[in-house]
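Engineer: Can you look at this prediction? I've put the sequence above it.
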Amino acid sequence: MNQVLVFPRKLRRDGITFQGVRYNSLALQKMRNQIGPSPKVKIRFNPLDLTRAYVRHPASEEWIEVFLVEWSPRPDVFFR
């Protein structure tokens, strides 16, 4: 069974970073322009597939697909 993890994060100009993995997409940037700077959002992902994640739009509650754009793994972090 795949485990899905959800965490709160701040949305920044370059997307969302979680544990050394940065995600972004055109839809995410559009959402950021709509809701303003540095809003807190929820990010959902499957730790077995870090190539994509989903960010919840705080107004519509829609999950927006985002893609891995940079990976700087941290040796001290393990997903459980």
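Structural biologist: On my side now, so go ahead. Numbering: from 1, shown residues only.
Engineer: Run through the helices of this protein in chain order.
Structural biologist: Taking DSSP state H as the test, the helices found in the chain are 26-35.
Engineer: so what's residue 28 up against?
Structural biologist: Residues near residue 28 by C-beta atoms under 8 Å, 6 or more residues apart in numbering: 11, 15-16, 55, 64, 66. No exception for glycine: its C-beta is placed from N, CA and C like everyone else's.
Engineer: ranking the residues you listed by neighbours, who comes first?
Structural biologist: Greatest neighbour count in the contacts of residue 28, by other C-beta atoms under 10 Å, goes to residue 55: 26 neighbours.
Engineer: Tell me the confidence at that residue?
Structural biologist: With respect to pLDDT, residue 55 scores 96.
Engineer: and it, bridged to which residues?
Structural biologist: For residue 55, the beta-bridge partners are residue 43, residue 64 (DSSP bridges).
Engineer: Quick check: it touching residue 40?
Structural biologist: No - using C-beta atoms under 8 Å, residue 55 makes no contact with residue 40, being 11.0 Å away.
Engineer: which residues do the two both contact?
Structural biologist: Common neighbours of residue 55 and residue 40 (C-beta under 8 Å, 6+ apart) are residue 11.
Engineer: what about the most centrally placed residue in the chain, distance to residue 10?
Structural biologist: Closest to where the C-alpha atoms of the chain average out (C-alpha atoms, centre = their mean) is residue 43, at 4.4 Å. For residue 43, the distance to residue 10 equals 10 Å [C-beta to C-beta, to the nearest Å].
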